[in-house]
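Engineer: Need coordinates for the below:
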Amino acid sequence: MKRKIALLLVLVLSLSVVLTACDKKCKSHVDADLNEACDNCGEYVEYTPTYMGFEGIFNGTFEAEDEDDDKVVYGKADHVSELNDMDVSGMSGNLIVFKNDNAEAGKDKAIVLNTETGDIVLTLKEEDDDATVTKSLTLYPNDYYSSSNVYFIRVTETDTTDKNSTVYKQTLYTALGEEITSKTSKASAYVDVNFVTYTEEGYLYEIEGKIYEIVDDVATYKFDKGFKTIPTNLYYHTDKNYYHSNSSGDEVFVYDLQYNLVAYYSLPAGCESYSDLCILGDGNVLIQYVKELPWDAAEYDLYEDETKYSLTTVIFNIADGTTKEIEFNYIVGYIVNAAISPETFEDYIVSDKIENIAFAYPIVDKTLDENNEKIINLRNDMFILGYLGNEIANQEGVPELLGNNRFVVSNKAGQSFLINEKGEVIGEVTAADYDEDLELIEMDGKYYDLDLKLVKDMNEIEYDYYGSGSDYEIYRDINVEGEGEDEKTVTTYYILNGITMTKLDLPEDVYNININSYYFSYNYTVEATSEDEDDKHYTVYCNSNGEKIHTIETSEEGYAYHNINTLGDIFIIVLETYDEEYNYSTKYYIAK
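Structural biologist: Numbers count the residues shown, from 1 in each chain. Here you go, the predicted structure:
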């Protein structure tokens, strides 16, 4: 994926402060609390916010995540399963049900395939003819076009062992085949499932009166619902609380992890919220609001759209419900810290001594300066310890972290420059794109590393272009080999994936190639048809690394139709065949 190099917020900061000691040169000042009186000499400990530069930002070296570690390795024919005598009977989300209505006793009569993992997560066996317990399964939601984010499997048992009383049991499973709960009844058994709300990582569901959070198809029991009303849209949370504000921002709700309301704040009448929900490192909430004043007001804090406003900044203490008003000459866009965004702190190596990083705009001469965004090292009591300043002349906005201690910063003329962790300019990159997948800078078909050294010139490809898929291209090289009767034309196919050109593992006698244009191009990429010296026909499937995934032999007699579905992290080959007597058969091949 490529994106234009432009300004983004970089969530990194490690700033120092300058200590102004008292006349007595008190050594205890180094241990005194900032902006408070020293316990030893009684003098005020004053700190001046200062700028240190990029050299003082990192505690270590940024290491971009290796996304390849999370990718499925697609390989050879031994990863392919042939589903004999089975047909698709249902699809919903990332689940497919295959059934065999003519299965013998003890054989698979139904399986559920998870297309995200490529695993068969649930299997039902055909019962004996005299069995008194029979099983059936369905998907929930049982709709291929459903927009649900979570899918379940229901297995229903019918027990007729007691001829006078039939017992029904239904078990609910996750899409990974893990049992959640079951319900038994002499009437029809049905496990009740209801979506409740979104969470930051996943979704809340009420299942038989119990609340579960489902993240990546793993269900975790939270608590019994009882008569409790569960709040919605709780996107923000710490390890102790959930936070929510209404659409206008004039109310703040704080819940514990059992979704009990533990703190509530409402703006004073006639006031309007002027910042998004900002949660500080200690769990308290920063709130900024304005109140419109008469046009002739002599005292005001902010002038905007020919209107005067008073600005109030308060810290809402969620433990006792009190508020503390403070002087703060900035409007905060948002705040990150180890409590509300721990992964951000870890990814960008923020110093553990920093309580908050605030992205804010200063108020200058009672006007909001939206062209002078600041990154502020902010204490939980809103005391400013330091800030990140400008690295280049006429800088606009804040630096963007690309990776490996490299940043992009722009000036007011729209020019962009690549700089290192010391703030030194490596070069101008205004007309360039950054390829996030390759972690390279691209311009005019040339790829550079983050030191602007040339890695690959893609304008110098020696083969002929043949076609393209979603994010790769196919090339071919045609050569005439031999002489006289031995002369033959040999065509070699190559796949260009990113900046890597790889020869496709195909037979020499390929007479037809289909190129997959699905988004999931790293599964099935090329379908090539060939025939050998015995006139046997073969269909070969390759992935985007050029590796042969699977080969299917097809008779030249009759008709064979290959249809491939790329679903999640696997693909399914459907082979439909008609013989000379027009007898129809279908086989499914699952590869991952």
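
Engineer: For S185, give its distance to N284.
Structural biologist: Relative to N284, S185 is positioned 49 Å away (C-beta to C-beta, to the nearest Å). C-betas here are computed from N, CA, C, even on glycine.

Engineer: Neighbour count: those two, which is higher?
Structural biologist: Taking neighbours as other C-beta atoms under 10 Å, S185 and N284 compare with N284 leading, 22 against 11.

Engineer: surely the more buried one meets G321?
Structural biologist: No - taking contacts as C-beta atoms under 8 Å, N284 lies outside contact range of G321: 10.9 Å.

Engineer: beta partners of L95?
Structural biologist: S92, N114 (DSSP bridges).

Engineer: Measure how buried it is and give me the count.
Structural biologist: 24.

Engineer: again, but for the one 4 residues further on
Structural biologist: Summarising burial for K99: neighbours were counted as other C-beta under 10 Å, giving 19.

Engineer: and what of the one 3 residues further on?
Structural biologist: The local packing count at N102 equals 9, with neighbours defined by other C-beta under 10 Å.

Engineer: ok, now which ones touch it?
Structural biologist: With contacts defined as C-beta atoms under 8 Å, 6 or more residues apart in numbering, N102 is in contact with D85.

Engineer: gap between P399 and F417?
Structural biologist: Computed with C-beta to C-beta, the distance linking P399 and F417 is 10 Å.

Engineer: Give me the more crowded residue out of those two.
Structural biologist: Neighbour totals were compared for P399 and F417, and P399 leads with 26 against 20 (other C-beta under 10 Å).

Engineer: if you skip the residues just before and after it, what's nearest to that one?
Structural biologist: Using C-beta to C-beta, 6 or more residues apart in numbering and skipping residues adjacent in sequence, the residue nearest P399 is F407, 4.1 Å away.

Engineer: now that neighbour, which residues is it bridged with?
Structural biologist: L401, I419.

Engineer: next one: K183
Structural biologist: Residues in beta-bridge contact with K183 (DSSP bridges): Q170.

Engineer: cool, and N241?
Structural biologist: Counting by DSSP bridges, N241 is bridged to D256.

Engineer: got a list of what it touches?
Structural biologist: Applying C-beta under 8 Å, 6+ apart to N241 gives the contacts 254-257, 262, 283, 318.

Engineer: for the host helix or strand of T197, packing partners?
Structural biologist: According to DSSP states H and E, T197 maps onto strand 193-198. Counting contacts by 3 or more C-beta pairs under 8 Å, 6 or more residues apart in numbering; DSSP states H and E, strand 193-198 packs against strand 203-207.

Engineer: buried ones in the strand it packs on?
Structural biologist: 203-205, 207 (16 or more other C-beta atoms under 10 Å).

Engineer: Can you tell me what sits against that strand?
Structural biologist: The contact list for strand 203-207 (C-beta under 8 Å, 6+ apart) reads 149-150, 172, 180-181, 191-198, 211-215, 219, 222, 225, 230.

Engineer: what element comes up after that strand heading to the C-terminus?
Structural biologist: Toward the C-terminus from strand 203-207 - assigned by DSSP H and E - lies strand 210-215.

Engineer: neighbouring strands for that next one, and are they parallel or not?
Structural biologist: strand 203-207 (antiparallel), strand 218-224 (antiparallel).

Engineer: could you give the angle of the shortest one to strand 193-198?
Structural biologist: Angle, strand 203-207 to strand 193-198, by axes from the mean of the first three to the mean of the last three C-alpha atoms, to 10 degrees: 150 degrees.

Engineer: Walking through the stretch 101-250 of the chain, point out its strands one by one.
Structural biologist: 108-114, 119-125, 133-140, 152-159, 167-174, 179-185, 193-198, 203-207, 210-215, 218-224, 236-237, 241-245 (DSSP state E, counting those that start in this stretch).

Engineer: Tell me the spacing between the residue nearest to P399 and K446.
Structural biologist: For F407, the distance to K446 - C-beta to C-beta - is 21 Å.

Engineer: Which of the two has more residues huddled nearby?
Structural biologist: F407 (23 against 16).

Engineer: mind checking how far the more buried one is from N114?
Structural biologist: Note on F407: its distance to N114, by C-beta to C-beta, is 41 Å.

Engineer: circling back to that earlier point, out of the strands of the stretch 101-250 of the chain, which gets the lowest mean score?
Structural biologist: Sorting those by mean pLDDT places strand 236-237 lowest, at a mean of 79.

Engineer: Mind listing residues that contact that strand?
Structural biologist: 199-200, 242-244, 277, 279, 340.

Engineer: Could you do stretch 162-173 as well?
Structural biologist: 121-122, 140, 152-161, 179-191, 193, 207.

Engineer: try stretch 288-306
Structural biologist: Applying C-beta under 8 Å, 6+ apart, the set of residues contacting stretch 288-306 is 250, 267-268, 270-275, 307-314, 328, 331-332, 363, 366-368.

Engineer: Just the ones of those in strands?
Structural biologist: 272-273, 307-314, 331-332, 363, 367-368 (DSSP state E).

Engineer: which one of these sits closest to I384?
Structural biologist: V332 (11.5 Å; C-beta to C-beta).

Engineer: Let me know whether that closest one touches L280 as I believe.
Structural biologist: No - the criterion here is C-beta under 8 Å, and V332 misses it with L280 at 10.4 Å.

Engineer: By mean pLDDT, which helix or strand of this protein comes out lowest?
Structural biologist: Least confident helix or strand of the chain, by mean pLDDT, DSSP states H and E, is strand 17-20 with a mean of 33.

Engineer: quick revisit: just give me the closest of the contacts of N241 to T491.
Structural biologist: L257 (63.1 Å).

Engineer: Could you check the pLDDT of that closest one?
Structural biologist: 84.

Engineer: That one and E208, how far apart?
Structural biologist: 21 Å.

Engineer: V97 - that's part of a strand, no?
Structural biologist: Yes - according to DSSP: H, G, I helix; E, B strand; the rest coil, V97 belongs to a strand.

Engineer: What about it, how many residues nearby?
Structural biologist: Other residues within reach of V97, judged by other C-beta under 10 Å, total 22.

Engineer: Surely it and V112 touch.
Structural biologist: Yes - using C-beta under 8 Å, V97 makes contact with V112 at a distance of 5.6 Å.

Engineer: which ones are touching the closest residue in space to I211 that isn't next to it in sequence?
Structural biologist: Closest residue in space to I211, ignoring its immediate chain neighbours: K222 at 4.5 Å, by C-beta to C-beta, 6+ apart. By C-beta under 8 Å, 6+ apart, the contact set of K222 is 204, 210-213, 257-258.

Engineer: Distance of D301 relative to I376?
Structural biologist: Taking C-beta to C-beta as the measure, D301 falls 19 Å from I376.

Engineer: out of these two, which sits in the more crowded spot?
Structural biologist: Neighbour count, other C-beta under 10 Å: between D301 and I376, I376 has more, with 22 against 17.

Engineer: which residue sits closest to the more buried one, ignoring its sequence neighbours?
Structural biologist: Residue nearest to I376 in three dimensions, not counting chain neighbours: A358, with 4.4 Å by C-beta to C-beta, 6+ apart.

Engineer: Show me what that neighbour is bridged to.
Structural biologist: Counting by DSSP bridges, A358 forms beta bridges with I335, I376.
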